[in-house]
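Engineer: Everything below, folded, please.
(one chain, ligands or ions: 1)
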Amino acid sequence: MRLVISLGGSVFEGPAEKIKEFADVLDEISKSHELFVVVGGGRLARELMAKARELGANEVMCDYIGIAVTRINAMLLAFAMKNSAKKIPESFIEAVELARDLKAVVMGGTIPGHTTDATAVLLAEFVNADLFLNATSVDGIYSDDPKKNPDAVKFEKISPSELLEIVVKQKASAGVNVVMDLLAVKILERSGIKAVVFKGEPENIRRVVNGEKIGTLIC
Ligand code: UTP
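Structural biologist: Numbering: from 1, shown residues only. This next block holds a predicted model:
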């Protein structure tokens, strides 16, 4: 299978051993699958972007800072992996070129204006991925923000258009951290790529690739 994995930036806030655990699982998966990993910026990106904002940077400038952090995280993961390219591609075309010789490619963000989830879904569409894996901080998609609404229910399966409605509704309330950005969901809808959203733990990545039903399936 050709897989694209979006790995949340929170992974890189943990100890080196945690990053190594992810690297080992991804190396193992890359032995039997073609793998593209897109990593996020996490807390470090948010902190540096806030500092830049205080210094008068506009939002596009802040996005560039976020992108730089995602690329540093991509380096950390790529250097911890045995099978990954050590160059961090800055575009999808570069990523595909690198993937010709190697079975795993790790990258960060590309252009300002969205999150790495959107980058990862766009990459999945570009490479005609068989499956998009969103390894994130929540264990699936809920009808509402589970941290704020105790009645929120988790979906086992959801269509991209149903997810779009939830994301639009949540985006309307300020400060809510939506599970996937709007652009990512729109690209999923138009591409028809099958996606799974699940709690980003190394073992969970292995389980999803092996076909186990965890998290929420978007199709
Ligand atoms: P992230 O995708 O990591 O944002 O990129 P996030 O929402 O904090 O996700 P987690 O917490 O890691 O899962 C950090 C920031 O970098 C910019 C955006 O500003 C984003 O919020 N960015 C990232 C871009 O502008 N373009 C990209 O392609 C990627």
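Engineer: buried residues in the helix or strand of the chain with the lowest mean pLDDT?
Structural biologist: Lowest by mean pLDDT, DSSP states H and E among the helices and strands of the chain is helix 160-171, with a mean of 88. Neighbour-count burial for helix 160-171 flags 160, 163-164, 166-167, 170 (criterion: 16 or more other C-beta atoms under 10 Å). (Each C-beta comes from the backbone N, C-alpha and C, glycine too.)
Engineer: near the ligand, which residues of the protein?
Structural biologist: Residues of the chain lying near the ligand by C-beta under 6 Å from any ligand atom: 8-10, 40-42, 45-46, 63, 66-67, 70, 109-116, 119.
Engineer: thinking again about what came up before, pick the one among the buried residues of helix 160-171 closest to Ser137.
Structural biologist: Nearest to Ser137 among the buried residues of helix 160-171 is Gln170, at 14.9 Å by C-beta to C-beta.
Engineer: other SSEs contacting the least confident helix or strand of the chain?
Structural biologist: If you count contacts as 3 or more C-beta pairs under 8 Å, 6 or more residues apart in numbering; DSSP states H and E, helix 160-171 packs onto helix 182-191.
Engineer: mean confidence score for the helix or strand that the helix it packs on is followed by?
Structural biologist: Once the chain leaves helix 182-191, the next helix or strand it forms, by DSSP states H and E, is strand 195-199. Averaged over strand 195-199, pLDDT sits at 97.
Engineer: Same check on stretch 45-58?
Structural biologist: Here stretch 45-58 scores 97 as its mean pLDDT.
Engineer: Can you tell me what sits against that stretch?
Structural biologist: Here stretch 45-58 makes contact (C-beta atoms under 8 Å, 6 or more residues apart in numbering) with 9, 61-63, 65-66, 69-70.
Engineer: which residues touch Phe198?
Structural biologist: Taking C-beta under 8 Å, 6+ apart as the criterion, Phe198 is in contact with 133-136, 139-140, 204, 208, 214-216.
Engineer: Reformat these as TSV; add secondary structure.
Structural biologist: Below are these laid out as TSV (DSSP: H, G, I helix; E, B strand; the rest coil):
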residue	secondary structure
Leu133	strand
Asn134	strand
Ala135	strand
Thr136	strand
Asp139	coil
Gly140	coil
Asn204	helix
Val208	helix
Ile214	coil
Gly215	coil
Thr216	strand
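Engineer: Would you mark the buried spots in the longest helix belonging to the chain?
Structural biologist: Longest helix in the chain by number of residues (criterion: DSSP state H): helix 59-80. For helix 59-80, burial by neighbour count (16+ other C-beta under 10 Å) applies to 62-63, 65-67, 69-71, 73-78, 80.
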